[in-house]
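Enquirer: Just a sequence and a predicted model for now, questions to come.
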Amino acid sequence: MKFNLHPELPILLVDDEESWLCSLELMLARQAGLNHTISCSDSCMVMDILAQQEFTLMLLDFTMPKLSAEELLPMIARDYPDLPVIILTGRDHVDTAVTCMKLGAADYFIKTEDELRLLNGIQRILHLREVEKENSLLKSGLLAAELKQPELFTEIISQSAAMEAIFHYVEAVAGGNQPVLIRGESGTGKELIVNALHKGGRHNEPLLAINVAGIDEETFADTLFGHERGAYPGADKARKGLIDKAAGGTLFLDEIGSLSEVSQLKLLRVLQDGEFFPVGSDRPRRSRARFVVATNQDLKKLVQEGRFRSDLYYRLKVHQLEIPPLRDRLDDVPLLLDHFLEQAAEEFNKKKPTPPAELAVLLQTYHYPGNVRELKSMVYDAVSQHRQRKISMDAFKKAMGRTAEMTSDLLSGDLPQVQFGEQLPTLKQTVSQLLLEAMKRTRGNQTMMATMLGLSRPALSKRLKKMREGDES
């Protein structure tokens, strides 16, 4: 019985020489980790076998008794047009190759040629099949009206349309094998997205994570690839690396933008060739882990600056998503506040406090440079100090005012600069627009408006009265 079969759907090997089939099967398993194969030595059985189950790929001998490849190829193309077929032959004839390609073969190799060429051809077709499958899943997932596995996202508290779009994307690509690049500011919850990706496709397999920031080349290679006994002084026994330990599962590399140039090249080779060498070994090992990487940096900009390899960037961005900062989904603040109040109360062994009605409004006026993580810290700090039935707003105001940028961030933040046309607005028009915008953001809460605009409550009331009377000046 075979365990950890690869690829997911088997490869069908067809040749009338059983000894050749046996050696081909062993070569694929040993050299490429392709251990999910089914062999057939009778070409008359091929169509029956194809009717019984689905295959990833077929390797077909060109010259066989009974039914030849020239006879089989049209039948396979007619009934199974999506099944790629590689022709293997002992003859190096151009006309044979041309005939096979016209009949629908995906590729053509000479049996006596270098095994590496055949393996590269197989890996190329498997990669294309994988990308096609994931694109199909992605398309169907993004078009779906509702999530098929909402339980994957129970740890992520959100009612934001932007986050829901991310959930659909995650659900669509979770079952694939291609790398996933996650970008988002610090504190946005990238690790929660990684967990959802893993649960959606590999929940029974290991999920391993490493922060690669500041790791030197030697430590990176030893950690990911492992080492052989005697590979370096102190290596008294062999050790598996994270890629081996995460086989069949997910390997999460955080802070990928901080990876050194040498380590970038080593990672590229794993993603490109699907294999790696443990430190001190000259025998390659196949990578069976799905790579997920995350960064709070702009990798495209790093590529333009020459600080990140462009070839690695394009390998990593097969699937990519960006988590919006909390300031762009402020409607989630009341939900997160309630969630963190409950969590903090449980941790501090207290009864969940009741928040004042104004608290959620106050928190929605903040810029959150530390995102969800910062809001969580605010709530936990406030609950730790909480003594009354209602939680005080003082701790929150203190936390929000601690970064002297509160007022300026609330008024500007990442919002576009005010644009003036050729005709400047009057002071009356400008003040009115500013008051209306503050009213909109605070849902009419005048205490919050006064805080936001840096006015006293009486001064704000006076301004609003003048605006209503059309006498703002």
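Expert: Sure thing, it's come through.

Enquirer: Which helix or strand in the protein has the lowest average pLDDT?
Expert: None of the helices or strands of the chain scores lower by mean pLDDT, DSSP states H and E than helix 406-411, at a mean of 42.

Enquirer: Quick check: buried residues in the following helix or strand past that helix?
Expert: Beyond helix 406-411 in the direction of the C-terminus, DSSP states H and E gives the next helix or strand as helix 427-441. Neighbour counts over helix 427-441 (16 or more other CB atoms under 10 Å) mark Val431, Ser432, Leu435, Ala438, Met439, Arg441 as buried. Bear in mind the C-beta positions are built from the backbone N, C-alpha and C, glycine included.

Enquirer: what angle sits between the very next helix or strand once past helix 427-441 and helix 427-441?
Expert: Counting by DSSP H and E, the next helix or strand C-terminal to helix 427-441 is helix 446-453. Helix 446-453 and helix 427-441 are oriented at 120 degrees to each other (axes from the mean of the first three to the mean of the last three CA atoms, to 10 degrees).

Enquirer: For the stretch 51-200 of the chain, which segments are assigned as strands?
Expert: 57-61, 85-89, 107-110, 180-183 (DSSP state E, counting those that start in this stretch).

Enquirer: What separation do you get for the closest residue to Lys237 other than its chain neighbours and Pro284?
Expert: Nearest non-adjacent residue to Lys237, counting by CB to CB, 6 or more residues apart in numbering: Arg229, 5.3 Å away. Distance of Arg229 to Pro284, given as CB to CB, to the nearest Å: 18 Å.

Enquirer: out of those two, which sits in the more crowded spot?
Expert: Pro284 (16 against 11; other CB atoms under 10 Å).

Enquirer: ok, the residue nearest to that one when sequence neighbours are not counted - contacts?
Expert: Among residues not flanking Pro284 along the chain, Glu275 sits closest, at 4.2 Å (CB to CB, 6+ apart). If a contact means CB atoms under 8 Å, 6 or more residues apart in numbering, then Glu275 has Gly33, Arg269, Pro284, Arg285, Arg286, Ser287 as its contacts.

Enquirer: most surrounded residue in these?
Expert: If you count neighbours using other CB under 10 Å, the busiest of these is Ser287, which has 22 neighbours.

Enquirer: Bridged to the residue nearest to Pro284, which residues?
Expert: Arg286 (DSSP bridges).

Enquirer: list the contacts for Arg269?
Expert: So, once contact is read as CB under 8 Å, 6+ apart, Arg269 ends up touching Glu275, Phe276.

Enquirer: actually Phe55, sorry about that
Expert: Leu9, Pro10, Ile11, Leu12, Ile38, Leu83.

Enquirer: From Ser263, how far out is the closest residue to Ser310 other than its chain neighbours?
Expert: Excluding the flanking residues, the one nearest Ser310 by CB to CB, 6+ apart is Val303, at 4.8 Å. Applying CB to CB, the value for Val303 to Ser263 is 16 Å.

Enquirer: Pick out whichever of those two has more residues nearby.
Expert: Ser263 (21 against 16).
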